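Asks: Let me see the structure of the following:
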Amino acid sequence: MPCLELKIPAQPQSVPATRLRALLEKPGAAILRRNHVAEVPGYESAHLRSRVRVCAVLAVNLTDPPEESDPAVAGSGIPADAPSPGEENESPAPGFAPGLEIWIADGDRAAAIYADADELPGALAMFDAYLRLARFQPAFQRLDQRLVGLHYLFREGLSVGVQGNPAETAPAAEIFFDCIAPIPEIEDFRNPHFVVRLPNEGLGFLHDLLRAASAWLQENSFPNILGAK
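Replies: Predicted structure coming up:
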């Protein structure tokens, strides 16, 4: 059966790639956070719940709060002209940022990865594609044999993938291009990371966590964090 593969950077990026992390790490700023830990029914496995946690976050800079005319405040929480990650790294931190804090544990290792709210539609689209694929048995069979893979990369470096059971042995050189999966399996020493693989049930678990967090972020905004709504 296909599994959920999470690749987590061994070290965080030197410069924040998300508005949420840029705001939370802004020097000299008093940050007010409102947190909501996503919970979904139907998953009683302690193994899953101890490995992944998704927290929806609203954060505002009390030292330099945004104006009410700011698109991030008046609109959906994400400015229409939001800078790309490359441009954003050179821009000042925003005054308000909604997003996610994704915690992943693997034995004695744990990591927190930040994501902006506008990254959620792309991640959810990948899981929706998997559900459509699962209903088409020929394609689902190929996914189980590692000939089809799905993948989404968050800005801060978290890679979320859907693929078949991990290969027990590395592909031989002479058949490398015959059996390599669309999702990279070869360790790249230039980008150190650790990998967490969860069973098939983990796909639905993370999908539902992201949907629950997305729904909460859509219902809550700048007035909510200040207690005005």
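Asks: Any idea which helix or strand in the protein has the lowest mean pLDDT?
Replies: Within the chain, no helix or strand scores below helix 85-88, which has a mean of 46 by mean pLDDT, DSSP states H and E.
Asks: Name the nearest residue to residue 36, ignoring sequence neighbours.
Replies: residue 56 (4.4 Å; C-beta to C-beta, 6 or more residues apart in numbering). C-betas here are computed from N, CA, C, even on glycine.
Asks: Kindly export the strand or helix carrying the one you found (C-alpha atoms) in CSV.
Replies: Residue 56 is part of strand 52-61 when elements are defined by DSSP states H and E. Output in CSV follows, covering the C-alpha atoms of strand 52-61 (Å, rounded to 0.1, in the frame of the first residue of the first chain):
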residue,chain,number,x,y,z
VAL,A,52,2.6,14.5,13.6
ARG,A,53,0.9,17.5,15.0
VAL,A,54,-0.5,20.5,13.0
CYS,A,55,-1.2,23.8,14.8
ALA,A,56,-2.9,26.7,13.0
VAL,A,57,-1.4,30.0,14.1
LEU,A,58,-2.4,33.7,13.9
ALA,A,59,0.4,36.0,14.7
VAL,A,60,0.5,39.8,15.0
ASN,A,61,3.3,42.2,15.7
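Asks: got the buried residues for the longest helix along the chain?
Replies: For the chain, the longest helix by residue count, based on DSSP state H, is helix 201-219. Judged by neighbour count using 16 or more other C-beta atoms under 10 Å, the buried positions of helix 201-219 are 201-214, 216-217.
Asks: And stretch 124-142, by the same measure?
Replies: In stretch 124-142, the ones that count as buried by 16+ other C-beta under 10 Å are 126-127, 130, 133, 140.
Asks: what mean pLDDT does that stretch have?
Replies: Averaging the model's pLDDT scores along stretch 124-142 yields 84.
Asks: how far is that stretch from where the chain is centred?
Replies: Relative to the chain's own centre, stretch 124-142 is displaced by 20 Å; criterion: C-alpha atoms, centre = their mean, to the nearest Å.
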